[in-house]
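**Student:** okay, here's the prediction I keep looking at, along with the sequence it came from:
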Amino acid sequence: MAVTYFSELLLLSFFLSSFMLLFRPKIISLILGGSAVAFIAVISENFILGWTSDVFLLLIAAPVIEETLKLLATAYGRKIRNAIGVGLGFAIVENTFYLAVVLSSFSVNIAIPFIIARAVGDPLLHSSATSISVGSWQGSKSALPEAIGLHFLYNLWAVFIVSAPGLFKFEPIVIVLLFALISFESGMMGRLLDVKIRKKVSYEVKGQN
């Protein structure tokens, strides 16, 4: 794959990571996501893997287990910033694990596309999904199922990537969709629209005067 494409993905990864950090996730959130959530998820998923298939684990068990655990980790602070912190912490540990596995099994040239795909998509997936599920604390019955569904679709896309490497070119599309989700769930888009509407009304009022 062209070096320019890698450069674009890395640049996008930096931009998205910077965006998520603007929410100022608390250190405790990052620690919880990267320690307790990751530890329990690994134990649970390894146990399940002992009596089921990799595909079932990836598409069904992992989304349910990981999103439920990440939601529970936001119990102390039921806000978007805490959800993003938990998601980022979990993604860092998960990516480190996969990086070690891939580099020990494949050459660097073969591993690079996989590594970049995870480096860009994984932190955004986990932060977006947890930002959606945290709505459960406000009484939303669909928040957790929506987060699990998003995780399922992302993992399904990952399965397609393995079976058809050409679909890797759709990585930016997936990232944009996840970016839109986290923006809407955080209320950022709503605040921007509200500012534009108020400016427009103010301008029209001044024009009438």
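**Tutor:** Structure's in. What do you need? Residues are numbered from 1 along each chain as shown.
**Student:** what are the buried residues along the strand or helix carrying Pro145?
**Tutor:** In this structure, Pro145 sits in helix 143-163 according to DSSP states H and E. Buried positions in helix 143-163, judged by neighbour count with 16 or more other CB atoms under 10 Å: 143-144, 146-148, 150-155, 157-158, 161. The C-beta positions use only the backbone N, C-alpha and C, and glycine is treated the same way.
**Student:** pLDDT-wise, what's the bottom of those?
**Tutor:** pLDDT across the buried residues of helix 143-163 is lowest for Ile161, at 63.
**Student:** all helices of this structure, in order?
**Tutor:** All helices of the chain, identified by DSSP state H, fall at 3-21, 27-32, 38-49, 54-56, 62-72, 80-105, 108-133, 143-163, 171-186, 188-208.
**Student:** my guess is Glu66 meets Ala41, correct?
**Tutor:** Yes. Applying CB atoms under 8 Å as the test, Glu66 and Ala41 come out as touching, 5.3 Å apart.
**Student:** who's more crowded, these two?
**Tutor:** Taking other CB atoms under 10 Å, Glu66 and Ala41 do not tie; Glu66 has more neighbours (26 against 20).
**Student:** residue contacts, that one?
**Tutor:** Shown in contact with Glu66 (CB atoms under 8 Å, 6 or more residues apart in numbering): Val37, Ala41, Phe90, His126, His151.
**Student:** check what pLDDT it gets.
**Tutor:** 97.
**Student:** next one: Phe56
**Tutor:** Confidence score, pLDDT, at Phe56: 92.
**Student:** any idea how far it is from Thr96?
**Tutor:** Going from Phe56 to Thr96 by CB to CB, to the nearest Å gives 24 Å.
**Student:** confidence-wise, which helix or strand of this structure is lowest on average?
**Tutor:** Across the helices and strands of the chain, mean confidence by mean pLDDT, DSSP states H and E is lowest for helix 188-208: a mean of 49.
**Student:** so Trp137 makes contact with Arg78?
**Tutor:** Yes. Assessed by CB under 8 Å, Trp137 is found in contact with Arg78 at 3.8 Å.
**Student:** low-confidence ranges, the protein, go.
**Tutor:** 1-22, 113, 161-209 (pLDDT under 70).
**Student:** give me the buried positions along stretch 108-127.
**Tutor:** Within stretch 108-127, judged by 16+ other CB under 10 Å, the buried ones are 111, 113-114, 116-127.
**Student:** again, but for stretch 37-46
**Tutor:** Those would be Val37, Ala38, Ile40, Ala41, Ser44, Glu45, for stretch 37-46 by 16+ other CB under 10 Å.
**Student:** any idea how many residues pack against Ser104?
**Tutor:** Neighbour tally, Ser104, other CB under 10 Å: 8.
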